[in-house]
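[1] Here's a sequence, model it:
(one chain, ligands or ions: 1)
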Amino acid sequence: MSATPMIALEQVRKTYGAVTAIADVSLEVAEGELLVLLGGSGSGKTTALKTINRLVEPTSGRVCVAGEDVRALPGPLLRRRVGYVFQRLGLFPHMTVAENIGVTPSLLGWPRSQIDARVDELLAMVELDPAVFREREPAALSGGQAQRVAVARALAAEPRVMLLDEPFGALDPRTRGLLQTALMNLRARLGLTIVFVTHDVVEALLLGDRIAVMRAGRVVQVGSGRELAHTPADAEVRALLTEPLEQAAAARARLLAEAP
Ligand SMILES: Nc1ncnc2c1ncn2[C@@H]1O[C@H](COP(=O)(O)OP(=O)(O)OP(=O)(O)O)[C@@H](O)[C@H]1O
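    Coordinates of the predicted model:
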C-alpha cells in the first residue's frame, strides 16, 4: 500500500496471563476500505478490533490511525475519529434514542441545538423517522431498529473510521440484509474506512473489500474473497469458503427438486 493507511496494526500482541488473545497481528486498512475480520469464536477478532480505539491496550506492538500512534491521541479526539458499534447491544437502556445518539457530541461539548439537529439527521440517515423514534427507550425497539440506532450513535461525531463488532449477528436474515445495504450506502456517502468483525463467511464475502482470516489469535491470510477462494493459505481456509457455498448449492438443489 503506497499512501499512509488509515489504520495500521504492527506486530500487535495481547496476552491475559497465560492466554494469548492475539499474537503478532499486522494489518493495514486503506482509507475508504472495508476490511472484514473473519474467524471462529475466540480467534481474536474482537481483541484486534478493540486495540484500534484503545478499549484494549496491546501488550506489545503499535496501532496507528491516520498515521498517528493511538497512544498519542487524546481520548476525545480518538472517540471522534473512530466510531464503534458493539457486539452485544450497547445502547444505554435508561436513555432515549436521542440521548443515546447524542452521547459523544455531549461529551465533546457540542451545543444542544447542534446535537438535536445531528440526532434528527442521523436517524434519517439510518432510515428511522425522528418523529417516531427520538423519544423511545431501547426496550421499545426491535432488534433491527436498535442496531440502526447503534450505527447512528457511532456516526454521531462524524468519524472517519467505523469499527463494527458482529453488528447484525442477532438479526433475522432479511433485516440483516437490509442493514448491510444501509451500511454500504452510508459508507459510500461518507467515505468511511471500516473494520467489520463477523464469523459469517457469506457476510464477509458480501461486505469486505478484503478479508483477514483469523485463527487462534493470528491472521492466517488476508485478501479479497476471490483471492482467498482461488489461493487459500491452507485446507481450513479452503473449507471455510467452500462450505457455505456448498450448503447454498445443496439447499438450491433441494428447492428445485421439490418444485412441482
Ligand atoms: N479480558 C480477557 N481476559 C482473559 N481472556 C480474554 C479476555 N478477553 C479475551 N480473552 C481471550 O482471548 C481470546 C480471543 O478473544 P476474542 O474475544 O478476541 O475472540 P473473538 O474472535 O472475538 O470471539 P467471539 O467471536 O466469540 O466474540 C479468547 O480465548 C478469549 O477467551
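
[2] what's in contact with the host helix or strand of A212?
    In the assignment (DSSP states H and E), A212 maps to strand 210-215. Residues from elsewhere that reach strand 210-215 (C-beta atoms under 8 Å, 6 or more residues apart in numbering): 25, 27, 33, 35-40, 43-45, 48, 204-205, 219-225, 228, 233, 236-237, 240. To be clear about C-beta, it is placed using only N, CA and C from the backbone, and glycine gets the same treatment.

[3] Just the buried residues of those residues.
    The neighbour count (16 or more other C-beta atoms under 10 Å) marks 25, 27, 33, 35-39, 43-45, 48, 204-205, 219-223, 225, 228, 237, 240 as buried among the contacts of strand 210-215.

[4] Inside helices: which ones of the residues you listed?
    Using DSSP state H, the members of the buried ones among the contacts of strand 210-215 that fall in helices are K45, A48, A204, L205, G225, L228, V237, L240.

[5] want to try JSON lines for those residues, with pLDDT as columns?
    As requested, those are exported to JSON lines (pLDDT from 0 to 100):
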{"residue": "K45", "pLDDT": "95"}
{"residue": "A48", "pLDDT": "97"}
{"residue": "A204", "pLDDT": "95"}
{"residue": "L205", "pLDDT": "93"}
{"residue": "G225", "pLDDT": "93"}
{"residue": "L228", "pLDDT": "94"}
{"residue": "V237", "pLDDT": "94"}
{"residue": "L240", "pLDDT": "90"}
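
[6] still on that earlier bit, please state the offset of the strand holding A212 from the chain centre?
    Distance of strand 210-215 from the chain centroid (C-alpha atoms, centre = their mean, to the nearest Å) equals 14 Å.

[7] That strand pairs with which strands, and in what direction?
    Within its sheet, and counting by DSSP bridges, strand 210-215 is paired with strand 34-39 (parallel), strand 218-223 (antiparallel).

[8] right, so of these, which gets closest to L9?
    strand 218-223 (9.1 Å; C-beta to C-beta).

[9] So which bits of this structure are right by the ligand?
    Contacts of the chain with the ligand, taken as C-beta under 6 Å from any ligand atom, map to Y16, V19, A21, G39, S41, G42, S43, G44, K45, T46, T47, H199.

[10] and the residues you listed as JSON lines, adding distance to D116?
    Supplementary listing: the residues of the chain next to the ligand in JSON lines, determined by distance: C-beta to C-beta, whole Å:
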{"residue": "Y16", "distance to D116": "42"}
{"residue": "V19", "distance to D116": "45"}
{"residue": "A21", "distance to D116": "40"}
{"residue": "G39", "distance to D116": "41"}
{"residue": "S41", "distance to D116": "41"}
{"residue": "G42", "distance to D116": "42"}
{"residue": "S43", "distance to D116": "42"}
{"residue": "G44", "distance to D116": "40"}
{"residue": "K45", "distance to D116": "36"}
{"residue": "T46", "distance to D116": "33"}
{"residue": "T47", "distance to D116": "37"}
{"residue": "H199", "distance to D116": "38"}
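
[11] pretty sure R148 is touching L179, no?
    Yes - with contact defined as C-beta atoms under 8 Å, R148 reaches L179; the gap is 6.9 Å.

[12] more neighbours, the two?
    R148 (26 against 20; other C-beta atoms under 10 Å).

[13] How about the secondary structure of that one?
    helix (DSSP: H, G, I helix; E, B strand; the rest coil).

[14] With the one 4 residues further on instead?
    Here A152 is helix, with the state taken from three-state DSSP.

[15] element containing the nearest residue in space to it that is not next to it in sequence, please.
    Closest residue to A152 apart from its sequence neighbours, by C-beta to C-beta, 6 or more residues apart in numbering: L122 at 4.0 Å. Per DSSP H and E, L122 falls inside helix 112-125.

[16] Right, I'll leave it there.
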